[in-house]
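**Q** Predicted model and sequence follow; I will ask about them next.
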Amino acid sequence: MGETALAGADVGGSSDDVQRLLFIDADLAFDHALRLGREGVDVLYFNEWRHGLTVGEYMYGAGFDEVVNVIDYHNALDIVDFVFIADSGYGQLGDWLRKHGYLVYGASGMTDFLELNRVKAAEMLNTVGIKTPSYKTLKGVKALYAYLSEHSDVPHYVKVDVVRGSLETFKVETPQDLSSAITRADLGPFAHGLEFIVSEKIEGVEVGVDAWFNGREFLRPYHFGNEIKGHGSCFGKWVYESIWDDVLDRVEPLLRRFSSFQGTISFEAILNEDGLYVLDVAPRIARPAGSLQYYSLDNYFGCVKHVAEGESYEPRINHPYTMQLGLNYFGQQRTWVNLGTSLPDWLAATCRVVRYGGNFWAHVKADEHALFTLACAQDPHSCLNLAVGRTYEVSDSLVFSSYAVKRVGEIIEELRRYGVEW
């Protein structure tokens, strides 16, 4: 493992701006809370699914309490004035907190609507000239199976409307693809009442962007990147302008008109010769690419604070190119992996990690990407090599996807066909 210990890691920051911050998470962004704590912010951390983060041990002795205090939610609002909400679904809470004088990063009712009500969100984007794939809505799993069996000659993309859960957007090329996705989602009694959105595959390359919105405008530079789906890996770069500018410019008036949101908004789209077709809007911390957004900066808290205050603020970029590789464990259903005596800042963890016997241990599940190596550099080749090299420092029990590494070069070539130079 690397030499940078978790507690007291020197990763820059703006200590003069330190205040007490309540971080509300949903198993999405604990590494962001750690980064803020490492910058000297007094972080009080609350997770709705606390059993996944060892609150039975209350994190004491786990090593995290030295930079982040894990708390019970109901006690926090009396002693904080800054609230960081990592996920969607807390929009009404975010609106209430802003109304009552709290500084809030993330979550508003209108932006929740954009992510969760996907049919209405597409209609809203269309009204301002943003292209989205054409889609069909179907109610219940039986109707979904029937429709896709009748139209099995072309691939389709399927997502669920309104309800957030374990069913992410997935591609159906065979009946087995659909069966596997529905089984993994474990929809239970809701399977026959959910609305599903089905769209035909659009040829092109998938691209994404993670940008800060301060209530008036999207900040420049922003993080433009690509995710290798299913492999926990992604790569990107910081840019002042790109193919995303038109989408961001068209969305700004909508957000100014309907929302009090200040925070990170991510978009995914298919790029082809006709331009961008927006697939999803996510007004929350991006996963997995959000780790790259903070790792490649030396003033993350400064960005968070100024965005929440509605101000303009230019991020200080360490290196413009970024790379993240997801690590996998193959074996038993769950196991503990020894990470060594220190947890470097280039290792992002979205699983349960505790300190025991002087070592950090990660509780990982088979075939799940819960640990990620991060890298940033001055060029994409060096960045990829650095990320790959770091994977060998983590654990012999974890491996990364060679396919993901191969796809980086392929995606860069695909982007070049549409006029995007990486």
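**A** Received it, and whenever you're ready, just let me know what you need.

**Q** domains of this protein?
**A** 15-113, 136-200 (automatic domain parsing).

**Q** Determine which stretch of these is the most buried.
**A** domain 15-113 (a mean of 19; mean count of other Cβ atoms under 10 Å). The C-beta positions use only the backbone N, C-alpha and C, and glycine is treated the same way.

**Q** Determine how far it lies from the middle of the whole chain.
**A** How far domain 15-113 lies from its chain's middle: 16 Å, per Cα atoms, centre = their mean, to the nearest Å.

**Q** can I get the domains of the chain in CSV with distance to Ala377 and mean pLDDT?
**A** Formatted as CSV, the domains of the chain follow (distance: least, Cβ to Cβ, whole Å; pLDDT from 0 to 100):
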stretch, distance to Ala377, mean pLDDT
domain 15-113, 19, 78
domain 136-200, 30, 82
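
**Q** State the distance from Ala375 to Lys237.
**A** Computed as Cβ to Cβ, to the nearest Å, the Ala375 to Lys237 distance reads 12 Å.

**Q** what residues are shared contacts of these two?
**A** Taking Cβ atoms under 8 Å, 6 or more residues apart in numbering as the criterion, Ala375 and Lys237 both touch Thr322.

**Q** What values do phi and psi take at Phe224?
**A** The phi/psi pair for Phe224 (degrees, to the nearest 10) reads phi -110, psi 120.

**Q** Helices of the chain, residue ranges please.
**A** Counting by DSSP state H, one finds helices in the chain at the ranges 30-38, 91-99, 109-116, 118-127, 141-150, 175-185, 245-258, 290-295, 300-308, 380-391, 402-417.

**Q** For Gly263, find the nearest of the domains of the chain.
**A** domain 15-113 (3.8 Å; Cβ to Cβ).

**Q** which residue lies farthest from the center of this structure?
**A** Glu150 (34.7 Å; Cα atoms, centre = their mean).

**Q** Now Ile265: closest residue in space that isn't a chain neighbour?
**A** Sequence neighbours aside, Pro283 is the residue nearest to Ile265 in space, at 4.8 Å (criterion: Cβ to Cβ, 6 or more residues apart in numbering).

**Q** related to what we said a few turns ago, for Leu279, find the nearest of the helices of the chain.
**A** helix 118-127 (9.3 Å).

**Q** what's the angle between the closest one and helix 245-258?
**A** 110 degrees (axes from the mean of the first three to the mean of the last three Cα atoms, to 10 degrees).

**Q** So for helix 118-127, what gets flagged as buried?
**A** For helix 118-127, burial by neighbour count (16 or more other Cβ atoms under 10 Å) applies to Arg118, Ala121, Ala122, Met124, Leu125.

**Q** what's the answer for stretch 339-357, then?
**A** Within stretch 339-357, the residues scored as buried using 16+ other Cβ under 10 Å are 339, 342-355.

**Q** how about CSV for the helices of the chain, with distance to Asn272 added?
**A** Shown next, in CSV, are the helices of the chain (distance: least, Cβ to Cβ, whole Å):
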stretch, distance to Asn272
helix 30-38, 33
helix 91-99, 33
helix 109-116, 23
helix 118-127, 17
helix 141-150, 23
helix 175-185, 23
helix 245-258, 15
helix 290-295, 25
helix 300-308, 32
helix 380-391, 22
helix 402-417, 9
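
**Q** nearest to Phe82, of those?
**A** Nearest of the helices of the chain (Cβ to Cβ): helix 300-308, 7.1 Å.

**Q** With Ser108 as the reference, measure out to the residue nearest to Ile265.
**A** Plainly put, Pro283 is 7 Å away from Ser108 if you go by Cβ to Cβ.

**Q** Need the residues touching each of those two.
**A** With Cβ under 8 Å, 6+ apart as the test, Pro283 and Ser108 both reach Phe261.

**Q** count of neighbours near Tyr321?
**A** For Tyr321, the neighbour count with other Cβ atoms under 10 Å is 24.

**Q** ah, wrong one, I meant Glu311
**A** Neighbours of Glu311 (other Cβ under 10 Å): 13.

**Q** what residues are up against the residue nearest to it when sequence neighbours are not counted?
**A** Closest residue to Glu311 apart from its sequence neighbours, by Cβ to Cβ, 6+ apart: Asn214 at 6.2 Å. The contact partners of Asn214, by Cβ under 8 Å, 6+ apart, come to Gln262, His306, Val307, Glu309, Gly310, Glu311, Ser312, Tyr313.
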